[in-house]
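> Mind looking at a prediction? Sequence and model below.
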Amino acid sequence: MADETTFDTREEVDFAIIGSGSAGGILAKELSTAGFSVVVLEQGPYRKAADFTHDELSILVRNELLGGGPEVHGQTFRHYENETAQLMTQQSPIRYSRGVGGSSVHFTANFWRLRPVDFKERSLLGSISGTNFADWPITYEELEPYYTKVDWEIGVSGAPGPFDAPRSKPFPMPPMPIKSSGVLLEKGAAALGLHAQAEPHAILSQPHNGRAGCVSCGYCMWYGCEAGAKSSTLAAMIPLAEASGNCEIRPDSTVIRIEINDKGKADQVVYLDINGVEQAQKAKAVVVSANGAETSRLLFMSANAQHPDGLANSSGYVGRNLMFNAHALSIGVYEHPLNDYKGVQVSRIVHDFYETDEKRGFYGGGGIDARPLFSATPIIHTMLGRDPNTPRWGKGFKDTMAHDFSRTLCFVGSTTSIALDSNNITLDPESKDAWGRPAIRATYMDHADDLAMAAFLEDRTAELHEAAGAEKSWRFGFHPTTGGEHLLGTCRMGDNPATSVVDSKHRSHDVPNLFICDGSSMVTSGRGQPTMTIMALAFRAADHIKTAANAGEI
Amino acid sequence: MILGPDEARDFAAIAARIIPTTDTPGATEAGVIHFIDKAFAAEMSGQLDFARAGLAELNDALGSQHTDATQLGDLGEDEQDAFLQTRETTGFFNLMWAMTIFGFFSMEKYGGNRDQVGWELIGFEGGHGPWQYPFGYYDAQVHGETNDGG
């Protein structure tokens, strides 16, 4: 392996990239391998594959990969803007993995493309009053080559389904094999006239690009992959960026401000190093890929005389239009053991309800998948996945656990979220995080149509259990969303600088050498699995940024 | 040991009613009290005062309901269950419940789940992967016919 490349902070690099996750990791690889000098500032540590464990207590209870819980991050939540946001004591409302690779390290790796309809629903369906429902400034056809790039360079396994968008190249490898939960979804779907299809995964079903295939350990969701088979940017992109000799990954670097010079251009990124000492990295251009919540916070924290409401925020759209994707689910227990804790979470999905159907009476669509979800490991099963109509302790509890754990599966519905002014990320006026930064404040109440769509899908998940022959099943119980992992829409792309933060090439409307690319760029939410699209956007953004840089336009 | 012998005995007794020993091992055999002791000495040290205050309240209630008992373990198992049912909505019981679950099902290195008895009880072989298909009854029907399932 080449010696690690490092840059002096006073040396002006071509690009400072903030965040090393799904978007930042791809941008780092694309720009550095094209010959540009790149420093990636990542607030979390640099864990390698060998650092990942199967330790449920550490990962799920003690929030190891999230870098701690509410005591560290101080995030607050409220449903409505006229309420005072409260510190969440059990779980942070905004959840992402802190470390090189970002949330692509701990994601479940369900990799759905958007479809052509997702990019132009506003035109097709009309406006939705009181919302910021809009078309994207790009089409599926423009993004398709980059979806294909994700398939082949990041590594996606799968097989075509009956409703899929057109693809220019087949999947590079077959789907992960079907699991018992997938067999039961197929059975239920067939009985109800629905169409189960193989789940596309950012998990290698066989060796690819020098990486090993999945060993089916079962620790995908919320865990890091020690085999490197999960297609995180840590596994698929960062090594290529580092091998270019042009990229320094600088972990434990907590960015607090982007500074603008008197020409109105971003010229350095100020951050706290691992010792809490303030440093500043000079760069010709800055790319923010910190996720929909952190990107917004950083732009607000970078407010200055020229940008009093936050950097790149002349539209007032920074932080707005937060979309989480709602989820509704039912849990079922079957006669025979499934042992669904083994292998990847999902092997079959149903996309019959993807598109908006006017007969339903509301906007929205979604997908349903079959997975162990909370029954992948014992503690979370006990806390969330267990039959709530059985004893919580004593012999009855023990007997139920002994019977149900291996026989339990979830049908999970994931839905659209509509962009609203009133759903947003702002700086909390009181709470601070452990670095002294204003804490992230999330304000969120699902739109009535989002709630209706979640209820609709919950009904379908309950029907599927019945049709699949569950011994017993129950609804998990859907409530308005109080947080999430999908952090979308908060710096949306658009052609009109009055109603968007970045243009269709991810350049901010207000600061010519500031680019923003991550979940915040998304104009609509898709149907619940956004990371494939975030990665495709990053490959596409990188092409445009390279072109601009080569033309001297940064 | 951060816990004194009396409080350790009480915490262990509560854990043993949450996951009792039956024809299969329970919290006692899993060594849940060792998890609790280690956790109160480290990651959960901030909860120790709360737990001690909760235990004192529980013992007060025990003394007023059972004048012949000074510790939970002095009662028969059915009496212990009946008494704990009067306490099960308290924050203290919820903490004991969570710690018992953690101690019974977390990795052995944390002090409980000895010989992985917690995992064995529920048929979780999570410490033994990776796995070959088929995993369960239903996919075995499919993988018997095709190899890739796709």
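That came in fine, so what should we check first? This structure is a prediction, so every number in the text was calculated from the model and none was measured.
> any low-confidence regions in the stretch 251-400 of chain A?
Within the stretch 251-400 of chain A, no stretch falls below the threshold (pLDDT under 70).
> average pLDDT for stretch A:108-116?
Mean per-residue pLDDT for stretch A:108-116: 98.
> Run through who's touching it.
Stretch A:108-116 is contacted from outside by A:139-141, A:143, A:147, A:150, A:156, A:158, A:163-165, A:167, A:199-203, A:220-222, A:230-231, A:344-346, A:349, A:354, A:367, A:369, A:371, A:526-529, A:531-533, A:536, using CB atoms under 8 Å, 6 or more residues apart in numbering or on different chains. C-beta coordinates here come from the backbone N, C-alpha and C atoms, glycine included.
> Restricted to strands, list those residues.
A:349, A:367, A:369, A:371 (DSSP state E).
> Which members of the residues you listed are classed as buried?
A:349, A:367, A:369, A:371 (16 or more other CB atoms under 10 Å in any protein chain shown).
> of the residues you listed, closest to residue B:101?
Nearest to residue B:101 among these: residue A:371, at 22.0 Å, using CB to CB.
> So what pairs up with that closest one in the strands?
Counting by DSSP bridges, residue A:371 is bridged to residue A:410.
> for chain B, which residue is closest to the average position?
Central residue of chain B (CA atoms, centre = their mean): residue B:100, 2.5 Å from the mean position.
> Could you check which helix or strand contains that residue?
helix B:91-105 (DSSP states H and E).
> Can you show me the strands along the stretch 251-400 of chain A?
A:254-260, A:266-272, A:278-288, A:327-333, A:348-350, A:366-371 (DSSP state E, counting those that start in this stretch).
> Of those, flag the one that's most buried.
Most buried of these, by mean neighbour count (mean count of other CB atoms under 10 Å in any protein chain shown): strand A:366-371, with a mean of 28.
> Would you list the phi and psi of the residue positioned nearest the centre of chain A?
Closest to where the C-alpha atoms of chain A average out (CA atoms, centre = their mean) is residue A:486, at 4.4 Å. Backbone torsions of residue A:486, given as degrees, to the nearest 10, read phi -90, psi 110.
> Would you agree it is in contact with residue A:530?
Yes. Residue A:486 lies in contact with residue A:530 (CB atoms under 8 Å); the separation is 5.3 Å.
> so what secondary structure elements neighbour the helix or strand of chain B with the lowest mean pLDDT?
Between all helices and strands in chain B, the lowest mean by mean pLDDT, DSSP states H and E belongs to helix B:137-143, at a mean of 94. If contacts are counted by 3 or more CB pairs under 8 Å, 6 or more residues apart in numbering or on different chains; DSSP states H and E, helix B:137-143 sits against helix A:180-191.
> The helix it packs on vs chain B: in contact?
Yes. Using CB under 8 Å from any CB of the partner chain, helix A:180-191 reaches chain B at A:180, A:182, A:183, A:184.
> need the residues you listed in TSV with pLDDT and neighbour count, can you?
TSV is the format used below for those (pLDDT from 0 to 100; neighbours: other CB atoms under 10 Å in any protein chain shown):
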residue	pLDDT	neighbour count
A:180	98	30
A:182	98	31
A:183	98	26
A:184	98	28
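> which of those lies closest to residue A:522?
The closest of the residues of helix A:180-191 next to chain B, once distances to residue A:522 are taken by CB to CB, is residue A:182, at 28.3 Å.
> before we move on, back to that, out of the strands of the stretch 251-400 of chain A, which comes closest to residue A:543?
strand A:278-288 (13.3 Å).
> Pairing partners for the closest one, with directions?
strand A:13-18 (parallel), strand A:266-272 (antiparallel), strand A:514-516 (parallel).
> how much does it deviate in direction from strand A:254-260?
70 degrees (axes from the mean of the first three to the mean of the last three CA atoms, to 10 degrees).
> Next up, the contacts around the residue nearest to the residue nearest to the centre of chain A when sequence neighbours are not counted.
In space, residue A:486 comes closest to residue A:325 once its chain neighbours are excluded; the distance is 4.7 Å by CB to CB, 6 or more residues apart in numbering or on different chains. Contact analysis of residue A:325 by CB under 8 Å, 6+ apart lists A:414, A:415, A:416, A:417, A:484, A:486, A:488, A:525, A:526, A:527, A:528, A:530.
> quick one, what contacts the residue nearest to the centre of chain B?
Contacts of residue B:100 (CB under 8 Å, 6+ apart): A:393, B:14, B:15, B:18, B:19, B:27, B:32, B:36.
> Same check on residue A:298?
A:18, A:255, A:256, A:257, A:258, A:288, A:290, A:311.
> what are the ranges of the helices in chain A?
Using DSSP state H, the helices of chain A run over A:24-33, A:56, A:70-73, A:121-125, A:140-149, A:180-191, A:233-236, A:238-243, A:294-301, A:378-380, A:395-404, A:448-468, A:531-550.
> about what we covered before: possible to save the strands of the stretch 251-400 of chain A as CSV with distance to residue A:405?
Formatted as CSV, the strands of the stretch 251-400 of chain A follow (distance: least, CB to CB, whole Å):
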stretch, distance to residue A:405
strand A:254-260, 40
strand A:266-272, 44
strand A:278-288, 43
strand A:327-333, 9
strand A:348-350, 21
strand A:366-371, 15
